[in-house]
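Asks: Pasting the sequence and the predicted coordinates here, then a few questions.
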Amino acid sequence: MSEQTASGAFFLNILVVDDEINIRKTLAFCLEGLGHKVVAVSNSADAQAEASRRSFDLAFVDLRLGAEKGLDLIPLLIANSPWMKIVVITAYASIDTAVQSMKSGSTDYLPKPFTPAQVKHITQRIAEMRQLEQNVNALQETLGRTSPEVDLHATTSPGMQRAIHLAQQVATTDATVLIRGESGTGKGVLVRSIHGWSARAQKPFGVVSCPSLSAELLESELFGHIKGSFTSAVRDNPGRIATCEGGTLFLDEIGDLPIGIQPKLLRFIQDREYERIGEQITRRADIRVITATNVDLDKAVKEGRFREDLLYRLNVIQIEIPPLRERAEDIVPMAERMLAFFTRNRPRKVLGFSAEAAEILRRHTWPGNVRELRNVVERCAILATSEWVGPELLPGSVSTVAPDPTPGALISLEKLEELHIRRVLAATKSLDEAAEILGIDAATLWRRRKKYGI
């Protein structure tokens, strides 16, 4: 879709539909001179074909296209791209035709003959409208968040600083990025930051969680579908690739992408081409793909669960986010910022954590990483009745400092198991690795963690 340069100019992808070649050339010359990207066609069929292959922000549509009516084309274009703005152009200007065009879904009306100044004015106004729409969408998403923003630049951890520096470097490019890290370390926050630091910052940002949908629904969510292509397809769906045109698409937990969808994603990353489910039209899109995972993709390749060629395509730039237990210096400052967020509307001020509580936070291994810390801090914010949060408000899983399980220690086997699991989790990079070392499957490890509150 639209494009914003560093100078702030907001450029559009524009479709011109007019059966007069001089009008097409004049409009294209004028619009391209303003920095916009233009495709010009002479009839309704070509207009629909172009609109099906790529996304447009704006279309100039002649009211009369030979024997065809431009008004009949308007709803077809909008159905394919609901965000598209339509400007009707005609030599037969009247109040009736203006009203009729507005009823068909057009945004504005431009009578012939028109001047370059008029074209510039109307295009600039629609560019501002599209920019405002995208800003509102981003603001609504921000306001809808119930979690405090993680300030990446506040970290003093060398490992995290290296990850952020690399992320800032790759943000200026369109390179495909793979972010690795345990669950809850903040991979999604770093992806949003990369998008925000990039030239695509003013364009759409979409997220698809690979484990959250069935294979059929996930394919539809990514590539889109047409009505009737499968049982629950009651209406057309453009898909996240189309709606993120010009922007960034984040595929979270890419290791869980079904094997049947992987060739289609590989093709899109290589050629930027795809088809919607149930449709034969090949479409193109200009988006940046960033992925994240908490599993060992190299191991998944060896086990046949992940395509090696896809991994090569995704792993152009790899960024490792260290677990929270390796960032002890960040734990208390991060907890203090979260506490301020969760108590911001309290009539009584909560100043922070007591020295004893802060020390307990520092010594905990945080197997759930930043997500676990957030939950603990939110709990403290709810229970706090004084200015300082003491250790009595911390959950048992955090406040109980585990002693070293030395051989012959007079503790129960159950306690010994808990301590050993905590140590292994603290020393490994993923739950799969921890389960392999412990000699149990991932489901058993999950049950053990739930039992011991880890």
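Replies: Happy to help now that I have it. Numbering: from 1, shown residues only.

Asks: Now residue 251. Nearest residue, chain neighbours left out?
Replies: residue 291 (4.6 Å; Cβ to Cβ, 6 or more residues apart in numbering). C-beta here means a position set from N, CA and C on the backbone, and glycine is covered the same way.

Asks: And residue 261, by the same measure?
Replies: Once flanking residues are discounted, residue 261 sits nearest to residue 219: 5.3 Å by Cβ to Cβ, 6+ apart.

Asks: And residue 48, by the same measure?
Replies: Take residue 48 and drop its neighbours on the chain: the residue closest to it by Cβ to Cβ, 6+ apart is residue 76, 5.9 Å away.

Asks: State the distance from the one you found to residue 433.
Replies: From residue 76 over to residue 433 the distance is 53 Å, taken as Cβ to Cβ, to the nearest Å.

Asks: and what of residue 316?
Replies: 24 Å.

Asks: which one of the two has more residues nearby?
Replies: Just comparing residue 316 and residue 433: by other Cβ atoms under 10 Å the higher neighbour count belongs to residue 433, 17 against 14.

Asks: From residue 425, how far off is the more buried one?
Replies: Remark: distance between residue 433 and residue 425 (Cβ to Cβ) = 10 Å.

Asks: repeat for residue 416
Replies: 15 Å.

Asks: Kindly report the same for residue 76.
Replies: 56 Å.

Asks: Of the two, which one has the most company?
Replies: Neighbour tally, residue 76 and residue 425, criterion other Cβ under 10 Å: the higher count belongs to residue 425, 26 against 14.

Asks: right, and the more buried one touches residue 367 too?
Replies: Yes. Residue 425 lies in contact with residue 367 (Cβ atoms under 8 Å); the separation is 4.5 Å.

Asks: Identify the residues contacting residue 200.
Replies: Counting by Cβ atoms under 8 Å, 6 or more residues apart in numbering, residue 200 makes contact with 246-248, 288.

Asks: meant to ask about residue 55
Replies: By Cβ under 8 Å, 6+ apart, the neighbours of residue 55 are 1, 13, 81, 242, 245-246, 285.

Asks: Let's have the residues you listed in CSV, adding distance to residue 447, pLDDT and secondary structure.
Replies: CSV is the format used below for these (distance: Cβ to Cβ, whole Å; pLDDT from 0 to 100; DSSP: H, G, I helix; E, B strand; the rest coil):
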residue, distance to residue 447, pLDDT, secondary structure
1, 47, 49, coil
13, 52, 87, strand
81, 48, 76, coil
242, 41, 91, helix
245, 44, 89, coil
246, 45, 89, coil
285, 43, 92, coil
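
Asks: As a markdown table, those residues with neighbour count and distance to residue 159 would be great.
Replies: Shown next, in a markdown table, are those (neighbours: other Cβ atoms under 10 Å; distance: Cβ to Cβ, whole Å):
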| residue | neighbour count | distance to residue 159 |
| --- | --- | --- |
| 1 | 25 | 37 |
| 13 | 22 | 41 |
| 81 | 22 | 43 |
| 242 | 23 | 37 |
| 245 | 23 | 35 |
| 246 | 22 | 33 |
| 285 | 23 | 35 |
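
Asks: from the residues you listed, which is closest to residue 338?
Replies: Of all these, residue 246 has the smallest distance to residue 338: 33.7 Å, by Cβ to Cβ.

Asks: just checking, the closest one touches residue 204?
Replies: Yes. Applying Cβ under 8 Å, one finds residue 246 in contact with residue 204, separated by 7.1 Å.

Asks: Quick one: the helices in the stretch 351-454 of the chain, in order.
Replies: Remark: helices assigned in the stretch 351-454 of the chain by DSSP state H, counting those that start in this stretch are 355-363, 369-383, 396-399, 413-427, 431-438, 442-452.

Asks: Tell me which of those approaches residue 116 most closely.
Replies: When the helices of the stretch 351-454 of the chain are compared by Cβ to Cβ, helix 369-383 sits nearest residue 116, at 53.4 Å.

Asks: The closest one: which residues count as buried?
Replies: By neighbour count on 16 or more other Cβ atoms under 10 Å, the buried set for helix 369-383 is 369-374, 376-381.

Asks: Quick one: these as JSON lines, columns for distance to residue 195 and pLDDT too.
Replies: JSON lines is the format used below for these (distance: Cβ to Cβ, whole Å; pLDDT from 0 to 100):
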{"residue": "369", "distance to residue 195": "22", "pLDDT": "91"}
{"residue": "370", "distance to residue 195": "19", "pLDDT": "91"}
{"residue": "371", "distance to residue 195": "21", "pLDDT": "88"}
{"residue": "372", "distance to residue 195": "26", "pLDDT": "91"}
{"residue": "373", "distance to residue 195": "24", "pLDDT": "93"}
{"residue": "374", "distance to residue 195": "22", "pLDDT": "91"}
{"residue": "376", "distance to residue 195": "29", "pLDDT": "93"}
{"residue": "377", "distance to residue 195": "26", "pLDDT": "93"}
{"residue": "378", "distance to residue 195": "26", "pLDDT": "92"}
{"residue": "379", "distance to residue 195": "31", "pLDDT": "91"}
{"residue": "380", "distance to residue 195": "32", "pLDDT": "92"}
{"residue": "381", "distance to residue 195": "29", "pLDDT": "92"}
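
Asks: re the thing from before, out of the helices of the stretch 351-454 of the chain, which comes closest to residue 18?
Replies: Using Cβ to Cβ, these put helix 369-383 closest to residue 18, at 54.6 Å.

Asks: Give me the spatial nearest neighbour of residue 269, chain neighbours excluded.
Replies: Nearest to residue 269 is residue 313, by Cβ to Cβ, 6+ apart, at 4.9 Å.

Asks: Could you tell me which residues make contact with that neighbour?
Replies: When contacts are counted by Cβ under 8 Å, 6+ apart, residue 313 touches 176, 266, 269-270.

Asks: for this structure, which spans come out with low pLDDT?
Replies: 1-10, 92-99, 101, 135-151, 399-411, 426-429, 453-454 (pLDDT under 70).

Asks: per-domain residue ranges of it.
Replies: In terms of domains, the chain is parsed into 3-140, 157-320, 324-400, 402-454 (source: automatic domain parsing).
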